[in-house]
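Output the structure for:
(one chain, ligands or ions: 1)
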Amino acid sequence: MFLVTGATGGIGRRVVRLLRQQKKPVRVFVRLTSHYSELEHRGADIFIGDLRREDDIQKACQGAKYIISAHGSNGDALSLDYRANIELIDQAKEQGVEHFIFISVLGADRGYEDGPVFKAKRAVEQYLQSSGLNYTILRPAGLASNLLPLAELFRESGLYLLIGDPKHRTSIVSTDDLARMIVDSLIIPDARNQILPVGGPEILLGEHIPQIFSRIFNKEPIVINAPLLAVDGLRGVLGLFSSQIPTALGNYRTLLANEFFCTPEETTNLERIFNFQLEPLEKFLRRYLAI
Ligand SMILES: NC(=O)c1ccc[n+]([C@@H]2O[C@H](COP(=O)([O-])OP(=O)(O)OC[C@H]3O[C@@H](n4cnc5c(N)ncnc54)[C@H](OP(=O)(O)O)[C@@H]3O)[C@@H](O)[C@H]2O)c1
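So this is what the prediction gives:
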């Protein structure tokens with residue numbers, strides 16, 4: 001049995017699709033509020049719970065042979081990025097799980113003080129590495145699927161909001177390629193007990209994204225470049241109303257203030273391990289936008 005958390009998310013739902021195409025038995029950990037009908041139609045076993053609850057995690061892990069942790073936290077790094085993963089790892093040990101896959105984040109090891117998600121991911125990586133379990137830790141850069149809503153907005157309006165330095169480098173990975181790497185990590189020996197940075201095949205600058213949209217939709221871009229100070233201002237104002245929002249915005253600011261890209265050596269290594277060519281961002285977008 002494969003247990004997948006975050007199965008309704010951008011990465012998780014693609015992982016479940018691949019596993020079900022291979023006719024693997026899959027249990028998905030979802031919330032009552034999650035949109036999980038697609039997963040049900042694909043034949044996944046639905047486990048309803050909340051990753052904030054230890055006893056839900058314990059029940060969901062019963063009989064699991066493989067665990068794929070792909071849930072997000074929406075800012076609650078302590079409960080979800082940290083505690084839920086520690087509990088999943090403890091349960092994996094208890095259940096004698098054969099392989100644990102953890103979706104971390106590029107830059108988890110950079111010690112960003114203002115990014116609790118990054119700190120939680122690093123602490124979980126270390127816990128998993130010393131757990132004695134077989135593991136694969138994937139550290140993705142940005143996901144191509146995150147850009148689809150922005151592309152739709154651009155299609156309608158020609159607008160693109162670029163926050164921070166337009167020269168910042170990024171290597172956005174096709175979310176389908178990442179899902180394939182997750183599933184293949186379970187059988188490829190070179191992916192076992194590894195931490196792998198995961199990016200797309202090209203290093204893009206922030207300003208390249210509206211240019212790609214412009215080519216796809218044959219439309220002149222209207223780029224609004226807001227400085228990072230705008231996020232700082234927003235944090236200050238929202239901090240007057242809630243102490244949690246500035247913390248969540250800290251992760252966002254960390255993402256905007258820094259560069260997240262893989263070196264050519266790292267992407268070559270990925271293509272060697274997984275034996276396929278990574279998909280460029282423009283190709284991914286054209287495929288989904290049917291252009
Ligand atoms: N997106 C990126 O660019 C990016 C880049 C690097 C790393 N990552 C990492 O990759 C992982 C997946 O990201 P994603 O973008 O695919 O996620 P996502 O689309 O934001 O989805 C988050 C998933 O977590 C689930 N979840 C949240 N709180 C939960 C709770 N209390 N109990 C049970 N499930 C809960 C959500 O369920 P609901 O459907 O119920 O909301 C959803 O399935 C995350 O760990 C993220 O840090 C993402």
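
What parts of this protein come near the ligand?
Counting by Cβ under 6 Å from any ligand atom, the positions of the chain adjacent to the ligand are 6-12, 29, 31, 33-34, 50-52, 70-72, 80, 103, 105, 140, 142-143, 146. No exception for glycine: its C-beta is placed from N, CA and C like everyone else's.

Are any of the residues you listed buried, and if so which?
Using 16 or more other Cβ atoms under 10 Å as the burial test, those include 6-12, 29, 34, 51, 70-72, 80, 103, 105, 140, 142-143 as buried.

Show the pLDDT at the closest residue to the ligand within the stretch 1-150 of the chain.
Nearest residue of the stretch 1-150 of the chain to the ligand, counting by Cβ to the nearest ligand atom: Gly9, 2.5 Å away. At Gly9, the model reports a pLDDT of 97.

May I ask which helix or strand encompasses Arg20?
helix 12-21 (DSSP states H and E).

Parallel or antiparallel, list what pairs with whichever helix or strand comes after that helix.
Next in sequence after helix 12-21, counting helices and strands by DSSP H and E, comes strand 26-30. If you go by DSSP bridges, strand 26-30 pairs up with strand 2-5 (parallel), strand 45-48 (parallel).

And for Val237, the neighbour number?
11 (other Cβ atoms under 10 Å).

Can you name the next helix or strand after the helix or strand hosting Glu125?
Following DSSP H and E, the helix or strand that holds Glu125 is helix 116-129. Sequence order places strand 135-140 as the next helix or strand after helix 116-129, per DSSP H and E.

now that next one: how far from the chain's centre is it?
Between the centre of strand 135-140 and the centre of its chain there are 10 Å (Cα atoms, centre = their mean, to the nearest Å).

any low-confidence regions in this protein?
Along the chain, the parts satisfying pLDDT under 70 run over 238-243.

Now do the strands in it.
Assigned by DSSP state E, the strands in the chain fall at 2-5, 26-30, 45-48, 66-69, 99-103, 135-140, 159-163, 169-170, 194-198, 204-205, 222-226.
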